[in-house]
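> coords please:
(2 chains)
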Amino acid sequence: MSLTIDIHYQKSAFELRLQCAFPTQGISGIFGPSGVGKTTLLRCIAGLEHPSSGTITFNQQPWFTQSARLTTKMRQVGFVFQDSRLFPHLTVLQNLRLAQQQVTSPSLAIDTLCNDFAISNLLGQSANKLSAGQQQRVAIVRSLLAEPKLLLLDEPLAALDKQSKSEIMLHLTAHSVAQQLSMIYVSHSALEIAQLCDQLLLLQHSGNTEFGCANKLLHKHRQLLDQVNVIDRNDQQHQITLGLSPQQYQQYKELGHVFISDDKK
Amino acid sequence: MSSDLTALFLTLKLALLTTVILLVISPFIAWWLAKSSSKFRPFFEALVALPLVLPPTVLGFYLLLAFSPNYLPGQLWQSIAGSSLAFSFGGLLIGSIIYSLPFVVQPLQAGFVTLGSKELEAADTLGLSRWSKIRHIIVPMTKRSFMLAAVMGFAHTLGEFGVVLMIGGNIPGETQVLAISLFEHVEALEYQQAHNIAAGLLISSLLMLFVIYSVLQKQDRH
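As a prediction, this is how the structure comes out:
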């Protein structure tokens, strides 16, 4: 059971060639620098855009071939956009109800999901009055309520603080397991990918792509560094002194720029 | 005065029917103009905008020819309906619809362009049907444009003169609208009656536009 993609996408100067197969269980990640085509790939999977050529197949059902294009509605994919896209003329609750109404026999309760994603106190508010972070939470719940076969998330947590991010990621994982809903999660945060995803598709500007275990790939490409000891820190001089093992020292020396996964302020 | 009242009711009936019919057909035209990337689009855009710049008498003249039993469209109509469209209320209605078309299509087109595709894409990914999208997303989100389009279409039809003069003539109760009535009074040097109609049209048009712009401003603040 898988989502098989073999596409060539070209729009003026931008080009994306890709061959890969996502397992249709658990959460898969797509990681790579800005402008490499992560969003475009998601939009092609959702049917919001079409590749120039190739095929997209979901569990043996052809979604895109040279002769046939299944509409977004028929694909039953959910999508959480970077810019939430709530319906601004409706309240939060009306947004959620509209999504739930599209399901013939809904199996999810609005209340429970709202509790999980901490939006119960927002239900009566107008959708366009919410902060960016609140909008994103509502957008996630709304997409879950439509009960898609596959949920695509395009950097959904960019507008949220660290604390909220990890809470939401926990609930996404729990929901994916409980509902057996497969998700594809786009991000350029290695930490989010590492916490959330089992499998990872790594896109690079060179056009090289790799698919495999998320943690292994991130480590291989030095996107995640091992935790290191901060020996001294001088905020006036903007200097941090690190205590590194010989291997870590070698890692840092080879890096052109440094990623640090240290949250402490 | 009673003939003026007849003219008033006829004008209101014409404006109301024209507005209702335009509100049914214009959204489809406006949607296509807003969303299509066809190379024929500029041509149809020009065609819809034509009544804005064309002297109404030109439009009226060609409609008169088209309605005449000497030409094909008029012949067809006559064979179906048994009467001529020229100098009838039906002919007037067709003329008004064409004449006021841009005043309804253009606000809607602007509304649909501003609406963009973001919310509609979101609706697609939630599985909304076409009808649900129209009902729950498109119409509520472009409500302002629909209101503006209705008022503009109605007010513009109230003031119709040139087209009516060419295709409708001046038959009380059938084709004599207020603007024609006004013209009659002026020609007969009945300035008091002329004032009644002129001032009435002026004030009611101003009032309608004032009310719609006030409502739109209030919505903006929300």
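> Show me what counts as buried in the longest helix belonging to chain A.
Determined from DSSP state H, the single longest helix within chain A is helix A:162-178. Neighbour counts over helix A:162-178 (16 or more other C-beta atoms under 10 Å in any protein chain shown) mark A:164-166, A:168-169, A:171-173, A:175-176 as buried. The C-beta positions use only the backbone N, C-alpha and C, and glycine is treated the same way.
> repeat for stretch B:22-35
Result for stretch B:22-35 [16+ other C-beta under 10 Å]: buried residues B:22-23, B:26-27, B:29-31, B:33-34.
> what does it contact?
Stretch B:22-35 has contacts (C-beta atoms under 8 Å, 6 or more residues apart in numbering or on different chains) with B:41, B:44-45, B:48, B:97, B:100-101, B:104-106, B:108-109, B:111-113, B:146, B:149-150, B:153.
> Among these, name the buried ones.
Buried among the contacts of stretch B:22-35 (16+ other C-beta under 10 Å): B:45, B:48, B:97, B:100-101, B:104-106, B:108-109, B:111-112, B:146, B:149-150, B:153.
> follow-up on the earlier one: pull the CA atoms of the very next helix or strand once past the longest helix of chain A into PDB?
Sequence-wise, the next helix or strand downstream of helix A:162-178 (DSSP states H and E) is strand A:182-187. Presented in PDB, the C-alpha positions along strand A:182-187 are these (Å, rounded to 0.1, in the frame of the first residue of the first chain):
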ATOM      1  CA  SER A 182      -1.300   8.600   6.900                       C
ATOM      2  CA  MET A 183       0.200  12.100   6.700                       C
ATOM      3  CA  ILE A 184       2.800  13.800   4.600                       C
ATOM      4  CA  TYR A 185       4.500  16.600   6.500                       C
ATOM      5  CA  VAL A 186       6.500  19.300   4.800                       C
ATOM      6  CA  SER A 187       9.000  21.400   6.800                       C
END
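> Give me the angle between strand A:182-187 and helix A:162-178.
160 degrees (axes from the mean of the first three to the mean of the last three C-alpha atoms, to 10 degrees).
> Can strand A:182-187 be said to contact chain B?
No. With C-beta under 8 Å from any C-beta of the partner chain as the criterion, chain B is not reached by strand A:182-187; the gap is at least 13.0 Å.
> That strand: how far from the chain's middle?
4 Å (C-alpha atoms, centre = their mean, to the nearest Å).
> Same check on stretch A:129-140?
With C-alpha atoms, centre = their mean, you get 16 Å for stretch A:129-140.
> Same question for stretch B:67-79.
Offset of stretch B:67-79 from its chain centre (C-alpha atoms, centre = their mean): 24 Å.
> And that stretch, what's buried?
Using 16+ other C-beta under 10 Å as the test for burial, stretch B:67-79 gives B:67-68, B:74, B:77.
> quick one: residue A:240 is in a strand?
Yes. Judged by DSSP: H, G, I helix; E, B strand; the rest coil, residue A:240 forms part of a strand.
> before we move on, back to that, mind checking which of the buried residues of stretch B:22-35 land in helices?
Those of those lying in helices (DSSP H): B:22-23, B:26-27, B:29-31, B:33-34.
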